[in-house]
Every structure is written in structure tokens, then in C-alpha cells.
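Enquirer: Fold the following, please.
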Amino acid sequence: MKRLRDAGLPMEEVKEAMASIGYDKRALHQLERWESKRATGKFGR
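Expert: Now for the predicted structure:
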């Protein structure tokens with residue numbers, strides 16, 4: 001994800017590409033949650 005982000009690829013494009021190769025909505029949702037946590041530094045309560 002860091003390399004994609006550094007290359008300027010938006011998260012939505014990453015999710016679209018992942019969906020096109022078979023990742024389901026649950027997996028994409030988890031990716032979005034993880035990326036949000038990584039970006040904010042908040043991994044717990």
C-alpha cells in the first residue's frame with residue numbers, strides 16, 4: 001500500500017482493481033478500515 005500511495009494511486013482505484021480480480025466487499029471494507037487506522041495511527045480505543 002505504501003508504494004501505491006507514494007506513486008499517487010488513489011485508494012478508490014486500488015479498491016476497484018482488487019474488486020475486478022475477485023476480492024469481495026468484505027475484504028475491501030477491511031482494507032479501507034486498515035488503511036484508515038494506518039493513516040490516523042489509531043489501532044485501538
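Enquirer: Could you check how far L4 is from W34?
Expert: 13 Å (CB to CB, to the nearest Å). For the C-beta atoms, the positions are set from N, CA and C on the backbone; glycine is no exception.
Enquirer: ditto for L28
Expert: L28 is 11 Å from W34, by CB to CB.
Enquirer: of the two, who's got more company?
Expert: Using other CB atoms under 10 Å, the more surrounded residue of L28 and W34 is L28, with 16 against 12.
Enquirer: quick one, what contacts that one?
Expert: K15, M18, A19 (CB atoms under 8 Å, 6 or more residues apart in numbering).
Enquirer: mind checking the SS state of the first one?
Expert: Secondary structure of K15, reduced to three states by DSSP: H, G, I helix; E, B strand; the rest coil: helix.
Enquirer: Not counting sequence-adjacent ones, nearest residue to it?
Expert: Nearest residue to K15, sequence neighbours excluded (CB to CB, 6 or more residues apart in numbering): L28, at 5.0 Å.
Enquirer: low-scoring pLDDT stretches of the chain, where are they?
Expert: Residues of the chain that meet the criterion pLDDT under 70 lie in 45.
Enquirer: Now with 90, please.
Expert: In the predicted model, the chain carries pLDDT under 90 at residues 1-6, 11, 34-45.
Enquirer: hey, where'd the helices end up in it?
Expert: Assigned by DSSP state H, the chain shows helices spanning 2-6, 11-20, 25-40.
Enquirer: what does the first one contact?
Expert: With CB under 8 Å, 6+ apart as the test, helix 2-6 has contacts from V14.
Enquirer: Check which residues of stretch 24-31 are buried.
Expert: L28, L31 (16 or more other CB atoms under 10 Å).
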